[in-house]
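Q: just need the structure, nothing else, for what follows:
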Amino acid sequence: MEHRKLRGNGVDIHVAIQGPSDGPVVLLIHGFPTLWYSWRHQIPGLAALGYRAVAPDLRGYGDSDAPPEISSYTCFHMVGDMIAVISALTEDKVFVVGHDWGALIAWYLCLFRPDKVKALVNLSVPFSLGGPIDPTVKPLDVLRKFYGDDFYMCRFQEVGEIEAEISEVGVERVVRRILTYRTPRPLILPKDKSFWGPKDETIPLPSWLTEEDVAYYVSKFQEKGYTGGVNYYRNFDRNNELLAPWVGCKIQVPTKFAIGEQDLVYHFPGAREYIHGPKFKEDVPLLEEPVVIEGAAHFVNQEKPQEILQLIVDFISKF
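A: Numbering: from 1, shown residues only. As a prediction, the model looks like this:
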């Protein structure tokens, strides 16, 4: 596996690359709070099949640059970074695979630059969550109304406070607690810090997550902190204003969508109805039948690595 930095859109983006230089590029976009490393199982699997797997650390994460301004983490910045990565590696269209925030970025990429995407596999976040809606609506107000001020996306708006809380809890505990969260309901972060549990309480790891995996995540988040990742959430309202020109636009890219049956997103109000109802297909006309992965929660690409690899390959091999 090769690691390099690609310059584009004003920042350096670290990417992990494996596979033949002339192979079709598969761009793997991670979410919060992970890194390129969340695709550690799929990268060699894709490379072995002749694809060129490319997994960046998003801006603000890992070994990529982290601009200090909150306004540097909008949907345009995210997509600009991905276009820079694509353009540095190929003149052809690429396959795109996204998870969590990576799925949102992939939806945006397909909205703004469908000419760059051959086909899309998205995990965990359907188009309805983050796609363009009435620009007069403030998504954060809607979230507060549904879930209250302690909903994690709302708490993330507390500039400085949430960083201080994470610092007090400790990076390792944050990594363990979030990656092992399997409760199929909204993530609530009470200000009494009870979500994190007592400091002397051991958080056991599931079979899919090793101490070595945790150590890698911890090392990178100790270096970079969580501010960059949290800043993505601090642009929800701004993104909705910026997306106004695309209200009503459809995703015109062949798409496969999968989600874990225990994923907290799958249990958001209206999510299952949207995913399995007619609206998802209306928004994404080239969508294949969505897949629900049994026994998996939110971090489905790490929890069910071979199943997700097979799902990706079965879909993109058609194109």
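Q: C-alpha only now, for contacts and for neighbours.
A: Noted.
Q: what segments of the stretch 51-200 of the chain are strands?
A: Defined through DSSP state E, counting those that start in this stretch, the strands belonging to the stretch 51-200 of the chain, from first to last, are 52-56, 94-99, 117-123.
Q: the last one pairs with which strands, parallel or anti?
A: Pointing back at strand 117-123 there. Strands adjacent to strand 117-123 in the sheet, as given by DSSP bridges, are strand 94-99 (parallel), strand 255-260 (parallel).
Q: cool, and the first one?
A: Within its sheet, and counting by DSSP bridges, strand 52-56 is paired with strand 11-18 (antiparallel), strand 25-29 (parallel).
Q: export those strands to JSON lines and tack on mean neighbour count, mean pLDDT and distance to residue 266?
A: JSON lines is the format used below for the strands paired with strand 52-56 (neighbours: other Cα atoms under 10 Å; pLDDT from 0 to 100; distance: least, Cα to Cα, whole Å):
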{"stretch": "strand 11-18", "mean neighbour count": "22", "mean pLDDT": "98", "distance to residue 266": "30"}
{"stretch": "strand 25-29", "mean neighbour count": "27", "mean pLDDT": "98", "distance to residue 266": "20"}
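Q: and the gap between the residue of the chain positioned farthest from its centre and residue 173?
A: Ranking residues of the chain by C-alpha distance from their mean position (Cα atoms, centre = their mean) puts residue 200 at the top, at 30.6 Å. According to Cα to Cα, to the nearest Å, residue 200 and residue 173 sit 10 Å apart.
Q: most neighbours per residue, which of the strands of the stretch 51-200 of the chain?
A: Between the strands of the stretch 51-200 of the chain, strand 52-56 has the highest mean count of neighbours, a mean of 27, where neighbours are mean count of other Cα atoms under 10 Å.
Q: hmm, who's touching that one?
A: For strand 52-56, the external contacting residues (Cα atoms under 8 Å, 6 or more residues apart in numbering) are 13-30, 35-36, 39, 43-44, 46-47.
Q: tell me the mean pLDDT for it?
A: Confidence for strand 52-56, expressed as mean pLDDT, is 98.
Q: please state the offset of it from the chain centre?
A: Here the centre of strand 52-56 is set off from its chain's centre by 15 Å, with Cα atoms, centre = their mean, to the nearest Å.
Q: redo the strands paired with strand 117-123 as TSV? Include distance to residue 239 and mean pLDDT.
A: Supplementary listing: those in TSV, determined by distance: least, Cα to Cα, whole Å; pLDDT from 0 to 100:
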stretch	distance to residue 239	mean pLDDT
strand 94-99	18	98
strand 255-260	23	98
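Q: circling back: residue 259: which of the strands paired with strand 52-56 is closest?
A: Distances from residue 259 to each of the strands paired with strand 52-56 were compared using Cα to Cα; the shortest belongs to strand 25-29, at 15.6 Å.
Q: identify the residues contacting the closest one?
A: Applying Cα under 8 Å, 6+ apart, the set of residues contacting strand 25-29 from outside is 36, 39, 51-58, 86, 90, 94-99, 102-103, 105-106.
Q: at 6 Å instead, please
A: Around strand 25-29, the neighbours that count as contacts under Cα atoms under 6 Å, 6 or more residues apart in numbering are 52, 53, 54, 55, 94, 95, 96, 97, 98, 102.
Q: can you check stretch 59-68 too?
A: The set of residues that contact stretch 59-68 without belonging to it, under Cα under 6 Å, 6+ apart, is 11, 12, 13, 14, 57, 220, 228, 229.
Q: swap the cut-off to 7 Å and go again
A: Contacts of stretch 59-68 with the rest of the structure, by Cα atoms under 7 Å, 6 or more residues apart in numbering, involve 11, 12, 13, 14, 35, 57, 58, 220, 221, 224, 228, 229.
Q: and the residues you listed, which is closest to residue 297?
A: Nearest to residue 297 among the contacts of stretch 59-68, counting by Cα to Cα, is residue 35 at 17.9 Å.
Q: how deep is the closest one tucked in, by neighbour count?
A: Residues lying near residue 35 (other Cα atoms under 10 Å) number 22.
Q: and if you look at residue 222?
A: Burial measure for residue 222: 14 neighbouring residues, criterion other Cα under 10 Å.
Q: residues in contact with it?
A: Contacts for residue 222 were tallied using Cα under 7 Å, 6+ apart; they are residue 171.
Q: tell me where the stretch 1-150 of the chain has helices.
A: 42-48, 75-89, 101-112, 139-147 (DSSP state H, counting those that start in this stretch).
Q: and those, which is most packed in?
A: Per-residue neighbour counts averaged over each of these give the maximum for helix 101-112, namely a mean of 24 (mean count of other Cα under 10 Å).
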